[in-house]
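Engineer: show me the folded form of this:
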Amino acid sequence: MNNIKAIAFDLVGVLVKENNYSLSGNEKLLESKFGIINNNSEFYQWATQVIHKPKKEIELMLRNIVLNIYELRELNYDQLPPFKLAIASNHLSIIHDWINQTQIRH
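Structural biologist: Residues are numbered from 1 along each chain as shown. Down below sits the predicted model:
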């Protein structure tokens, strides 16, 4: 009998790998603060001051970065037994949308 009820993983570097996607200067600057400025409001406050763009534009840039640099590691998820999965990350909340679009969500 399987006694495992749940498994917790870190997201980036464990379940997700980073691609060699070429980022623009502003995108590199934003990405360099992933994991350093973890609070959404603090991140957006910093980003709008440094990049001089409105929050909505910063958010679109962040979504584009996440969409292009992250890739779910190839694991055979269909062969895993059913269990609860917890994903830990110090990433910004925009990562939730990306997670919901991947196979791991199912």
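
Engineer: ok, the residue most central in space within the chain - contacts?
Structural biologist: Among the residues of the chain, the one closest to the centroid is Ile95, at 3.8 Å (Cα atoms, centre = their mean). Ile95 makes contact with Leu11, Val66, Ser89, according to Cβ atoms under 8 Å, 6 or more residues apart in numbering. Backbone N, C-alpha and C define where each C-beta goes, glycine included.

Engineer: need the contact list for the last one.
Structural biologist: Think Ser89. Asp10, Leu11, Val12, Ile95 are the contacts of Ser89 under Cβ under 8 Å, 6+ apart.

Engineer: isn't the second one right next to His96, touching?
Structural biologist: Right, the one you point to is Leu11. No - contact criterion Cβ atoms under 8 Å: Leu11 and His96 do not qualify, at 10.6 Å.

Engineer: Gln103 - how many residues pack around it?
Structural biologist: 10 (other Cβ atoms under 10 Å).

Engineer: buried ones in the helix or strand of the chain with the lowest mean pLDDT, by neighbour count?
Structural biologist: In the chain, the helix or strand scored least confidently by mean pLDDT, DSSP states H and E is strand 84-88, which has a mean of 73. Across strand 84-88, burial judged by 16 or more other Cβ atoms under 10 Å covers Ile87.
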